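K.L.:
take this sequence and fold it.
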Amino acid sequence: MQIDTYNTKTDYAGDIDPKTAWSILEKYDESLLVDVRTKAELNYVGYPDLSSLKKTFVNIEQQFFPSGNLNENFVAELEDVIFEDSPDKACHIVFLCRSGVRSAMAATLMAQHGWINCYNIASGFEGDPDESHHRANVNGWKFEGLPWIQQ
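P.N.:
Sure, this is the predicted structure:
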């Protein structure tokens, strides 16, 4: 599968849109969606539903709520999860946050630790704000109509 990326001037494999992320998760058995948002964000805003792909996403907070402190164990925690299923550092890892900033940082961190197929969903789960400062109206996972759950 050809993976269409944009902004390839990154330390990771590149930025992708949500539909490309879905295709990666669909086409590659050894692929994983890592949502780096806080548990509070997942509970309040919602999260991806990968059940139709017979997959689940992994949530490892990159920053903690409400302090905003970085998770210093992020790489080790994620590697523990990945190594349970695949010891191959070439597996495809797709990172997601609200708007693509934290997920880009996460993709960079993992690429610096030798993971070669790290992709950032640049528009995130909620996407960029529109002219009224509302999200999910311009781009992002929700805007693209990809499956998600809110509880």
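
K.L.:
which residues of this structure fall in helices?
P.N.:
Counting by DSSP state H, one finds helices in the chain at the ranges 18-27, 39-45, 74-85, 101-112.

K.L.:
ok, how many other residues are close to the residue lying closest to Thr38 once chain neighbours are set aside?
P.N.:
In this structure, Thr38 finds its nearest non-sequential neighbour in Phe65, 4.0 Å apart by C-beta to C-beta, 6 or more residues apart in numbering. In short, each C-beta sits where N, CA and C put it, glycine included. Neighbours of Phe65 under the rule other C-beta atoms under 10 Å: 12.

K.L.:
before we move on, what about the one 3 residues further on?
P.N.:
Each residue near Gly68 was counted by other C-beta under 10 Å, and the total is 8.

K.L.:
highest mean neighbour count out of the helices of the chain?
P.N.:
Of the helices of the chain, the one with the most neighbours on average (mean count of other C-beta atoms under 10 Å) is helix 101-112, at a mean of 21.

K.L.:
quick one: that helix to helix 74-85, angle?
P.N.:
Helix 101-112 and helix 74-85 meet at an angle of 70 degrees, taking axes from the mean of the first three to the mean of the last three C-alpha atoms, to 10 degrees as the criterion.

K.L.:
and helix 101-112, what's its mean pLDDT?
P.N.:
Across helix 101-112, pLDDT averages out at 97.

K.L.:
now Ser86, nearest residue through space, not along the chain?
P.N.:
Glu30 (4.8 Å).

K.L.:
didn't the one you found look like it was pressed against Phe83?
P.N.:
No: in this structure Glu30 lies outside contact range of Phe83 using C-beta atoms under 8 Å: 12.0 Å.
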